[in-house]
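Enquirer: Have a look; sequence and predicted model below, questions after that.
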Amino acid sequence: MPESRPLLMATEADAPLRLAKALDADFAPLPAASEPERFEAWRSEAIAGEPRSRIVIAAWLDAPSEAELMTVDETAWRRRFELPYLLWNFALGAASRRVADGGALVGVVQAPAALDAPGWTPELAIADGVFSLIRSLAAAEGPRGVRANLVNTPIGLVGSDVIAPAPPLEGFPGTIEGHVAGAVRTLLSPDAIGLTGRVLAADGGRSL
């Protein structure tokens, strides 16, 4: 029988480590995005593990810097988009092979709302790409009862000082332990049995 505790496949950044604690999840470290030569070996090892009924994936970077699109050169684009997105591909692929029949996959990606988007083009591109991957997994794995969904959070990209209008709920951009973990638990729950291929923005309503 698959392990009942969630498995969090994530980079060893502060936010994912806090998320693992909040979810009472087993932590499986991803390789750093700057080490693509390790991706294939990691995936092989990850797939070989015991099936898990609930898997969360968070291939986050530590505190990327805001930058205008025209100032992002080829090196910065590779570091901020190409390699992190490639890591997401490997991580989601491994998770889809590892999740048990009838299980749930939840990705957690950083993405600001449209009002806060300037300066975060690479991160927005990653979020859009990851959502496409999640939808593909939902379609591919649905016949065996697997659900695949995504949580978006602006945590780590934007602060509380935002342009008007203010988010409907106080506490923007939220907390890992409360807002993000709560959204993940919702999507992992059997109560979300009818939800797959969906994105849930844990941003206090900022993206309305």
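Expert: Perfect, thanks for sending it.
Enquirer: make it CA atoms for all contacts and neighbour counts henceforth
Expert: OK.
Enquirer: Assumed residue 149 was part of a helix.
Expert: No: assignment of residue 149 by DSSP: H, G, I helix; E, B strand; the rest coil gives strand, placing it outside any helix.
Enquirer: what's it in contact with, if anything?
Expert: Contacts for residue 149 were tallied using CA atoms under 8 Å, 6 or more residues apart in numbering; they are 105-107, 134-135, 138, 187, 195-200.
Enquirer: how about the CA coordinates for the longest helix seen in the chain, as PDB?
Expert: When the chain is scanned for its longest helix (criterion: DSSP state H), the result is helix 121-141. These are the backbone C-alpha positions of helix 121-141, laid out as PDB (Å, rounded to 0.1, in the frame of the first residue of the first chain):
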ATOM      1  CA  THR A 121       8.900  37.600 -17.300                       C
ATOM      2  CA  PRO A 122      11.100  34.400 -16.900                       C
ATOM      3  CA  GLU A 123       9.100  33.300 -13.900                       C
ATOM      4  CA  LEU A 124       5.800  33.900 -15.700                       C
ATOM      5  CA  ALA A 125       7.000  31.900 -18.600                       C
ATOM      6  CA  ILE A 126       7.900  29.000 -16.200                       C
ATOM      7  CA  ALA A 127       4.500  29.200 -14.600                       C
ATOM      8  CA  ASP A 128       2.700  29.100 -17.900                       C
ATOM      9  CA  GLY A 129       4.800  26.200 -19.100                       C
ATOM     10  CA  VAL A 130       4.300  24.200 -15.900                       C
ATOM     11  CA  PHE A 131       0.600  24.700 -16.200                       C
ATOM     12  CA  SER A 132       0.700  23.300 -19.700                       C
ATOM     13  CA  LEU A 133       2.600  20.300 -18.400                       C
ATOM     14  CA  ILE A 134       0.100  19.800 -15.500                       C
ATOM     15  CA  ARG A 135      -2.800  19.800 -18.000                       C
ATOM     16  CA  SER A 136      -1.000  17.200 -20.100                       C
ATOM     17  CA  LEU A 137      -0.400  15.000 -17.100                       C
ATOM     18  CA  ALA A 138      -4.000  15.400 -16.100                       C
ATOM     19  CA  ALA A 139      -5.100  14.100 -19.500                       C
ATOM     20  CA  ALA A 140      -2.500  11.300 -19.600                       C
ATOM     21  CA  GLU A 141      -2.800  10.000 -16.100                       C
END
